[in-house]
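Below are the sequence and a predicted model; questions follow.
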Amino acid sequence: MVSKLLALEIYPNLKDLDFRILRGVELNMRHYEWVPLETIAKFARVDIETASHRLGKLDNWGLVRRRSDIGYIGYQLTIHGYDALAIRTFAQKGIIKAISQSQIGVGKEADVYIGITPNEERVAVKFNRVGRTSFTRIKLYRPNLIDKRHISWLYVSRLVAQREYEALQLLSPIAKVPKPIAWNRHTIVMEFIDGVELIELTDTDLTEEEALEVLNKVLEEYKKIVEFGIIHSDMSLYNIVLKSNGDILIIDWPQYLTSAFPDARYYLERDLQVLLNSFKKKWRVQVERSKIWKEFESSLQKSLKKE
């Protein structure tokens, strides 16, 4: 479902003080589940009455939420408030000057919009909205989170964005992935891609021969990535883009694992099986995993020797 970016609608109404208050809530959510009003006022360097007044507006706009049944008045940042802080940072750093109100991509746990740079170039701006599925997966590579009782979903969204940005930085010089431009909080700015995700194509958009050609391109690219030492671990038709020039890109890397990860082989085998099953079901392309596994296993072993 396409939705508007609420933070953009509110953005023109926000004052510098509002951003200080939002920042105060954000930073202090490390220490409080609900940040006390007095703590926010102290951070923003204003009196309680002024902080309460501005927080009331931010609450009405959906950028924070208020709770008063916990023995004190406390606030949390919402995902929309987090959006506003990220947009503000990108604008102040001269990375983007405008963002579209309509989405160009809607994933399970992320929304993508078109951004415009000061040089009038189009970029993709990806806002992560993480749910419990990703939290379960993120504990694979962040075991220090397992025992934490209070984990902000905003913080997990930030970790997901940071991890994908790191993956794109590693892979973009050697593989067909989106080129990263900037990362802040739960948001990544990357190159704009003129193409379509394979999941959006119908079974008649590609012939069997064309689909086989696309699959071979994906497999060749993935072998290169595996040899580099990275496993996608969430490969599917959702995460492959067919560009307008016929080339491919592999996208959505927040759940990547290194080849040294104990279960890397399992996730690689699963990635390949999902791909082959999807192409077989949608375009009747028949490729058995046993016929390609030897080359992938070789790439995996080569990556381990580099460790």
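Yep, it's here.

So which residues of this structure form strands?
Counting by DSSP state E, the chain has strands at residues 35-36, 64-67, 74-77, 98-106, 110-116, 122-128, 180-184, 187-191, 195-197, 230-231, 240-243, 248-250, 257-258.

Sheet partners, orientation included, of the fifth one?
It stands for strand 110-116. strand 98-106 (antiparallel), strand 122-128 (antiparallel) (DSSP bridges).

now for those, which one comes closest to Val196?
strand 98-106 (10.2 Å; Cβ to Cβ). Glycine gets a C-beta too; all of them are placed from N, C-alpha and C.

Show me which residues of the closest one are buried.
Within strand 98-106, the residues scored as buried using 16 or more other Cβ atoms under 10 Å are Ile99, Ser100, Gln103, Gly105.

now swap in stretch 115-134 and tell me
Those would be Gly115, Ile116, Thr117, Val123, Ala124, Val125, Lys126, Phe127, Asn128, Arg129, Val130, Ser134, for stretch 115-134 by 16+ other Cβ under 10 Å.

of those, closest to Ser303?
Of the buried residues of stretch 115-134, the one sitting nearest to Ser303 (Cβ to Cβ) turns out to be Ser134, at 24.9 Å.

Would you map the helices across this structure?
Here the chain has its helices, by DSSP state H, at 6-10, 16-28, 37-44, 48-60, 79-92, 132-141, 153-171, 208-228, 264-283, 289-305.

averaging pLDDT over each of these, which comes out lowest?
Among the helices of the chain, helix 132-141 has the lowest mean pLDDT, at a mean of 52.

Give me the distance between Ile292 and Arg265.
14 Å (Cβ to Cβ, to the nearest Å).

re the thing from before, can you list the buried residues of strand 98-106 in TSV and add distance to Leu8 and pLDDT?
Converted to TSV, the buried residues of strand 98-106 look like this (distance: Cβ to Cβ, whole Å; pLDDT from 0 to 100):
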residue	distance to Leu8	pLDDT
Ile99	6	95
Ser100	9	91
Gln103	12	83
Gly105	16	72
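
Trp283: how many residues sit nearby?
23 (other Cβ atoms under 10 Å).

so what's it up against?
By Cβ atoms under 8 Å, 6 or more residues apart in numbering, Trp283 lies in contact with Asp203, Leu206, Thr207, Glu208, Ala211, Leu212.

count of residues packed around the spatially closest residue to it that is not a sequence neighbour?
With sequence-adjacent residues excluded and distances taken as Cβ to Cβ, 6 or more residues apart in numbering, Trp283 is closest to Ala211, at 3.5 Å. By other Cβ under 10 Å, the residues close to Ala211 number 20.

hang on, the earlier thing: more neighbours: which of Ile292 and Arg265?
Taking neighbours as other Cβ under 10 Å, Ile292 and Arg265 compare with Ile292 leading, 18 against 14.

The closest residue to that one other than its chain neighbours and Lys176, how far apart?
Leaving aside its sequence neighbours, Ile292 sits nearest to Leu219 (Cβ to Cβ, 6+ apart; 6.2 Å). With distances taken as Cβ to Cβ, Leu219 is found 12 Å from Lys176.

Repeat that for Ala182.
Ala182 is 21 Å from Lys176, by Cβ to Cβ.

out of the two, which sits in the more crowded spot?
Neighbour count, other Cβ under 10 Å: between Ala182 and Lys176, Lys176 has more, with 21 against 17.

From Glu208, how far off is that one?
Taking Cβ to Cβ, one finds Lys176 at 23 Å from Glu208.

And for Tyr72?
Tyr72 is 65 Å from Glu208, by Cβ to Cβ.

what does Gly62 give?
48 Å.

can you check Ala124 too?
Distance from Ala124 to Glu208, by Cβ to Cβ: 31 Å.

same question, Ser233
Ser233 is 28 Å from Glu208, by Cβ to Cβ.

Give me the neighbour count for the residue nearest to Ile292.
17.

same check, this time on Lys217
16.

try Gln301
Gln301 has 12 nearby residues by other Cβ under 10 Å.

Repeat that for Gln92.
9.

One more: the one 3 residues further on?
By the measure other Cβ under 10 Å, the count of residues near Ile95 is 17.

With adjacent residues omitted, what lies nearest to it?
Ala182 (4.8 Å).

That neighbour: what's it in contact with?
Contacts of Ala182 (Cβ under 8 Å, 6+ apart): Phe90, Lys93, Ile95, Ile188, Val189.

Buried only: go through those for me.
Judged by 16+ other Cβ under 10 Å, buried ones among the contacts of Ala182: Phe90, Ile95, Ile188, Val189.

Tell me the one among these nearest to Ser299.
Among the buried ones among the contacts of Ala182, and counting by Cβ to Cβ, the member closest to Ser299 is Ile188, at 26.9 Å.
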